[in-house]
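Engineer: Sharing a model that was predicted from the sequence below.
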Amino acid sequence: MNKFLAQKDIIPFSVSLLSGIIGILVLWGWLSGNPNLIDLNLHSTGMQYNTALCFIAASVAILALCKNFNLLACILGAFILSIGYLSFAEDIFGLNIGLDFLFMPESYNAQEPISKRMSANGALILGLIGTSIFVLGYSTKFRLVTRKLLFVLMVLSLIGITTNFMAVFGYIVDLPEASGWGSYTKMAIHTAVGESLLTVGIIAIIFQKASENKFSYVSWVPWLIFIVLEVITLSFWQASKAYVEKNELQQNTIASEGIRSIVKDEIESRKRALGRMASRWQVQKGGTPYTEWIQDALNIISDESGYQAIEWADPNLFIRWVTPLKGNEAALNINLTKEEVRAQVLLKAIKDGKSAVTPLLTLKSGHKGFLIYAPIGRVNNFQGVIIGAINAKLFFDEIFKDALTDYNIAIYHQNELIYERHPSEGKWSTHDSITYVVKEHDWSITSWPLSELAEKQHSWLPNAILVIGSILALMLSLISYLAQIARKNAHMAREEIKVRQKTEQQLIVYSKKLKKQSLIDPLTKVDNRRSLSGALQNELAHLRDSEMPLSIILMDVDHFKHINDTYGHVTGDNVLQRVGSILRKSTRSTDIVARYGGEEFCIVLRNTTDRQAYTVAEKMRILLAEEIFLCEKKDPFHITCSFGVYQVSPKIKKISQVFNVVDGALYTAKNSGRNCVVLV
Ligand code: GH3
Ligand code: MG
Ligand code: MG
């Protein structure tokens, strides 16, 4: 890597390069009037002019943060956050402060506008990006970077990146934008991608600042996991809600269309039936065979539901017969021109020569209903009119008997309820109901799902997503928190074990040292009396069973008192040290050399007979006698030593017995003029 592009800068550099390119291309699209650059998938959700400007500013700002041009980053950050938050406020409060055109050259206002307002969430996240850039620049410049501050910026960035990710995801799975979060996910796809890139750049810089300041970000992890999962959960919750509502609306719309077409079809079919009856009789000149009229009418009544009566009015528009007559007597001899509404429809039907339907009215029987007029012949050949009087309640009851039984239906005529199915279900909720106005009859038909169906339609899925997602978010962040604690504890335990092991080793070394010290004579470095006793006791215990001889030499420096007196105690000590070392050198490693008392030494020789021991002692005596000792300011001098030698009898059990015997030999040596070896 060269000096300009350090390894740590690779991520911020590349993301700012990419988002910068996006910004420049879109800006170019706006300036050159190329909608393909502004709106990639041409659904009128293009990247806005201001967004493109902010993208360019943000990519420069991220580079500035990398290279420590903190003031520049602050200025650009302030620009971006102002545009982001102001656009967000415009969106949320429905304002227009002219921000959309502020930076746009005049001539572009005239162009066919793709919506020029940033989407609310796009604007909000741009605000967050601007804030992060500003705060990073400011805090670095004035050395105010703290771990908490970086944590907060990290949270903002994660909210930003997850929301953008969900917006991109919304495009991939084609989330609806009708309701819920979905309406906010429709930012342009390249806005979402670009904002994600910028956020990644900011996160990389946050990590840089954290490591520059040696902040550990490990403890952030549980929080960050929670935030990411919760934002994803909320997005899916809203998206699934939007989906469910869209489906529900679709289903209910289809049902309502069905209901409306049933009404229309049924009325049309009645009009046609009466029309057929009328056309059959229009060809008959002269009188009307009453019985055949009646038979025709009875057929229609039995075939089609809801008829109160079928009547015939003569060319003067007086009703001349009614079928069935019973209960409808009041209609006979009525002059149809007397009532305005009826007359209007009737005259139009006669004029057009086509069947026509009256609005809702009160029939002569007192029931609510409507009339169908089927003229016999046209105006110039007018022979009267066939009238179908239909009882509205019976009619609707029949036609809706088997239709869409999951839905409630209410039909109004000029705000008057004329029919309702399943009235026990009470009022519909405006949310679920769909109303159609049937203009020609002046009816409005409202339908809405019955509670059972509504319950089915109101899927539990969105809430399940919310609950499960939130629980997952909580659990995973908790698990990562516990894992961190466990790791920390394990680390501490390992450290403690290390310390203990070290201490134990030190203790072992120390105790070995102590043990050694307790068995060694500090002056001469040969074994001390304690060590000698232990070893000798051991040898005596095995002596009986062993074939091997054991010999012992006891040695005493002659006239040592005189040496001390003549050359001083320090020289005396030196003499003792030299004697010790000479004795050690003139024995085998299996032999024991020990300081028995002041200037007395004892040598235990394993697997050695008294004769052999004698030879060893003699050799020692000569070596010691030949050794020259030096003393400052005095002449060099020699010493002599006396030796007692004894091969230990297997019968002997106590050490004291051994020493008594050998001491006797030494005593003899002293008395025999010293500087000699005496064998027991
Ligand atoms: P002899 O030939 O009969 O053994 O005469 P001696 O003077 O050697 O015998 P004695 O037992 O009377 O004196 C031993 C002396 O050794 C007495 C004591 O001061 C001296 N001595 C004992 N231990 C040490 C020691 O550690 N360092 C020195 N410098 N002198 C010691
Ligand atoms: Mg002595
Ligand atoms: Mg002595």
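Structural biologist: Happy to help now that I have it. Ligands and ions are numbered 1, 2, ... in the order given.

Engineer: and stretch 33-47, how far apart are its ends?
Structural biologist: 13 Å (Cα to Cα, to the nearest Å).

Engineer: Now for the closest residue to Ile24 other than its chain neighbours, how many residues are close by?
Structural biologist: Once flanking residues are discounted, Ile24 sits nearest to Ile56: 6.3 Å by Cβ to Cβ, 6 or more residues apart in numbering. Heads up, the C-betas are built off the backbone N, CA and C, glycines and all. Residues lying near Ile56 (other Cβ atoms under 10 Å) number 20.

Engineer: what does the model give Ile56 for pLDDT?
Structural biologist: pLDDT for Ile56: 97.

Engineer: Helix or strand: which one has it?
Structural biologist: Taking DSSP states H and E as the criterion, Ile56 maps to helix 49-66.

Engineer: Could you give the separation of that helix from the chain centroid?
Structural biologist: Centroid separation for helix 49-66 versus its chain: 29 Å, with Cα atoms, centre = their mean, to the nearest Å.

Engineer: from the chain's centre, how far out does the very next helix or strand once past it sit?
Structural biologist: Note on helix 49-66: by DSSP H and E, the next helix or strand toward the C-terminus is helix 70-93. The chain centroid and the centroid of helix 70-93 are separated by 28 Å, computed with Cα atoms, centre = their mean.

Engineer: in stretch 88-106, what counts as buried?
Structural biologist: Phe88, Ala89, Glu90, Asp91, Leu99, Asp100, Met104 (16 or more other Cβ atoms under 10 Å).

Engineer: Please apply the same query to stretch 598-607.
Structural biologist: The neighbour-count check on stretch 598-607 (16+ other Cβ under 10 Å) flags Glu599, Glu600, Phe601, Cys602, Ile603, Val604, Leu605, Arg606 as buried.

Engineer: Sort out which one of those residues lies nearest ligand 3 for me.
Structural biologist: Minimum distance to ligand 3 across the buried residues of stretch 598-607 is 5.1 Å, recorded for Glu599 (Cβ to the ion).

Engineer: quick one, phi psi at that closest one?
Structural biologist: Dihedral pair for Glu599: phi -120, psi 30, per degrees, to the nearest 10.

Engineer: Next up, the contacts around it.
Structural biologist: By Cβ atoms under 8 Å, 6 or more residues apart in numbering, the contact list for Glu599 reads Asp556, Val557, Phe560, Leu576, Val579.

Engineer: My understanding was that the second one contacts Ile563; is that so?
Structural biologist: Yes. Val557 lies in contact with Ile563 (Cβ atoms under 8 Å); the separation is 7.4 Å.

Engineer: pLDDT on the strand or helix carrying Phe207, on average?
Structural biologist: Using DSSP H and E, the element containing Phe207 is helix 189-212. In this model, helix 189-212 carries a mean pLDDT of 92.

Engineer: And whichever residue of the stretch 401-550 of the chain sits closest to ligand 3, its phi and psi?
Structural biologist: Nearest residue of the stretch 401-550 of the chain to ligand 3, counting by Cβ to the ion: Thr524, 15.0 Å away. Torsion angles at Thr524 (phi, psi; degrees, to the nearest 10) stand at phi -100, psi -10.

Engineer: about what we covered before: if we check ligand 1, which of the buried residues of stretch 598-607 are in contact?
Structural biologist: With Cβ under 6 Å from any ligand atom as the criterion, those include Glu599 near ligand 1.

Engineer: so which of the buried residues of stretch 598-607 are also by ligand 3?
Structural biologist: By Cβ under 5 Å from the ion, no member of those lies near ligand 3.

Engineer: So which of the buried residues of stretch 598-607 belong to strands?
Structural biologist: Among those, the members falling in strands (DSSP state E) are Glu600, Phe601, Cys602, Ile603, Val604, Leu605, Arg606.

Engineer: Leaving out chain neighbours, which residue sits closest to the last one?
Structural biologist: This means Arg606. Closest residue in space to Arg606, ignoring its immediate chain neighbours: Thr590 at 5.2 Å, by Cβ to Cβ, 6+ apart.

Engineer: Check for me that that neighbour belongs to a strand.
Structural biologist: No. According to DSSP: H, G, I helix; E, B strand; the rest coil, Thr590 belongs to no strand; its state is coil.

Engineer: from what I can see it touches Ile603, true?
Structural biologist: No. The pair Thr590 / Ile603 is not scored as a contact, 11.6 Å apart, by Cβ under 8 Å.

Engineer: And the next helix or strand past the longest helix seen in the chain?
Structural biologist: Under DSSP state H, the helix in the chain containing the largest number of residues is helix 221-282. Sequence-wise, the next helix or strand downstream of helix 221-282 (DSSP H and E) is helix 290-303.

Engineer: strands paired with the next helix or strand after that next one, and their directions?
Structural biologist: Next in sequence after helix 290-303, counting helices and strands by DSSP H and E, comes strand 307-313. Paired neighbours of strand 307-313 in the sheet (DSSP bridges): strand 319-323 (antiparallel), strand 385-391 (antiparallel).

Engineer: These: which one's closest to ligand 3?
Structural biologist: Closest approach to ligand 3 among the strands paired with strand 307-313 is made by strand 385-391 (151.6 Å; Cβ to the ion).

Engineer: Going along the chain from the closest one, find the next helix or strand for me.
Structural biologist: Once the chain leaves strand 385-391, the next helix or strand it forms, by DSSP H and E, is helix 392-399.

Engineer: report the angle between the axes of that following helix and strand 307-313?
Structural biologist: Put simply, helix 392-399 runs at 120 degrees to strand 307-313, going by axes from the mean of the first three to the mean of the last three Cα atoms, to 10 degrees.

Engineer: List of residues touching helix 392-399?
Structural biologist: Contacts of helix 392-399 (Cβ under 8 Å, 6+ apart): 262-263, 266, 305-308, 360, 367-370, 409, 411, 418-419, 421.

Engineer: now stretch 315-322
Structural biologist: Contacts for stretch 315-322 (Cβ under 8 Å, 6+ apart): 290, 293-294, 309-314, 328-329, 331-337, 346, 382-385, 387.

Engineer: Only the C-alpha atoms, please, for it, written as PDB.
Structural biologist: Provided in PDB are the C-alpha atoms of stretch 315-322 (Å, rounded to 0.1, in the frame of the first residue of the first chain):
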ATOM      1  CA  PRO A 315    -102.600   2.800 -23.100                       C
ATOM      2  CA  ASN A 316    -104.200   5.500 -20.900                       C
ATOM      3  CA  LEU A 317    -102.000   4.300 -18.100                       C
ATOM      4  CA  PHE A 318    -104.700   3.000 -15.800                       C
ATOM      5  CA  ILE A 319    -103.900  -0.300 -14.200                       C
ATOM      6  CA  ARG A 320    -106.400  -2.800 -15.500                       C
ATOM      7  CA  TRP A 321    -105.400  -6.100 -13.900                       C
ATOM      8  CA  VAL A 322    -103.200  -7.300 -11.200                       C
END
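
Engineer: that older thread, most neighbours, which of the contacts of Glu599?
Structural biologist: Sorting these by how many neighbours each has (other Cβ under 10 Å) puts Val579 first, at 25 neighbours.

Engineer: what helix or strand does that residue sit in?
Structural biologist: Assigned by DSSP H and E, Val579 falls within helix 569-585.

Engineer: for Phe370, same thing?
Structural biologist: For Phe370, the host element (DSSP H and E) is strand 368-375.

Engineer: returning to what we had before: among the contacts of Glu599, which one sits closest to Arg530?
Structural biologist: Leu576 (18.0 Å; Cβ to Cβ).
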